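S.K.: sequence plus the predicted model coming up.
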Amino acid sequence: MLACLLSTLLAQTVAPINKQVVHEVTIPIAEKVKKQPKLKTERSVEVERQKQKQEKPKPKKTQVKRVAAKPVTGNKVTWMNQAGIPVSQHQYVDYIIHKESSWNPKAINPNGGACGLPQSLPCSKLGQNWHDPVVALKWADTYAIARYGSWASAYSFWTANNWW
């Protein structure tokens, strides 16, 4: 009888459980667990350094082609003619350029950095070929006419001030 009573009791308690609605619950999956870094040994550190050295991109070797500058040929008269300076102005140009650089196309003033035949400051005014006497004289001709109006006026200014 006890068994019968027990089974009836169990049937009554189980039945309501079977009738209840069960809700689904979504449980998020845990994120990936970060691995703890292993302790590095001296050997592993050295291996890592070697890998890094091998992985670094090597700088490209660029070859600089050196081109010899044209040798300076001619003399002051040919240079002035090639620069387009009229013969009537040669005496004034000769005086100023002689005082500025002694007709040395590669002259550089150690005190101020002026360079070339006309002692342009800064040298960049003459461009990359500042040591070319014809290039320097063309620049000087433009400068003298723009600033003083003529080589004769530039000469007058130079003799009064010892610079132009």
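M.R.: That came through fine.

S.K.: every contact and neighbour count from this point should use C-alpha atoms.
M.R.: Fine.

S.K.: which residue ranges of the chain form helices?
M.R.: With helices called from DSSP state H, the chain shows them at 2-19, 42-55, 76-82, 90-101, 133-148, 151-161.

S.K.: next, format these as JSON lines and append mean pLDDT and distance to residue 120.
M.R.: Below are these laid out as JSON lines (pLDDT from 0 to 100; distance: least, Cα to Cα, whole Å):
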{"stretch": "helix 2-19", "mean pLDDT": "51", "distance to residue 120": "105"}
{"stretch": "helix 42-55", "mean pLDDT": "76", "distance to residue 120": "49"}
{"stretch": "helix 76-82", "mean pLDDT": "96", "distance to residue 120": "17"}
{"stretch": "helix 90-101", "mean pLDDT": "97", "distance to residue 120": "10"}
{"stretch": "helix 133-148", "mean pLDDT": "96", "distance to residue 120": "8"}
{"stretch": "helix 151-161", "mean pLDDT": "97", "distance to residue 120": "14"}
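
S.K.: residue 157: how many residues sit nearby?
M.R.: Applying other Cα atoms under 10 Å, we find 14 other residues in the vicinity of residue 157.

S.K.: hang on, I meant residue 80
M.R.: When neighbours are counted by other Cα under 10 Å, residue 80 comes out with 22.

S.K.: wait, it sits on residue 90?
M.R.: Yes: contact criterion Cα atoms under 8 Å: residue 80 and residue 90 qualify, at 7.2 Å.

S.K.: which neighbours do the two share?
M.R.: With contacts taken as Cα atoms under 8 Å, 6 or more residues apart in numbering, residue 80 and residue 90 have no neighbour in common.

S.K.: need the helices of the chain in JSON lines (columns: distance to residue 108).
M.R.: Formatted as JSON lines, the helices of the chain follow (distance: least, Cα to Cα, whole Å):
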{"stretch": "helix 2-19", "distance to residue 108": "106"}
{"stretch": "helix 42-55", "distance to residue 108": "45"}
{"stretch": "helix 76-82", "distance to residue 108": "18"}
{"stretch": "helix 90-101", "distance to residue 108": "8"}
{"stretch": "helix 133-148", "distance to residue 108": "13"}
{"stretch": "helix 151-161", "distance to residue 108": "19"}
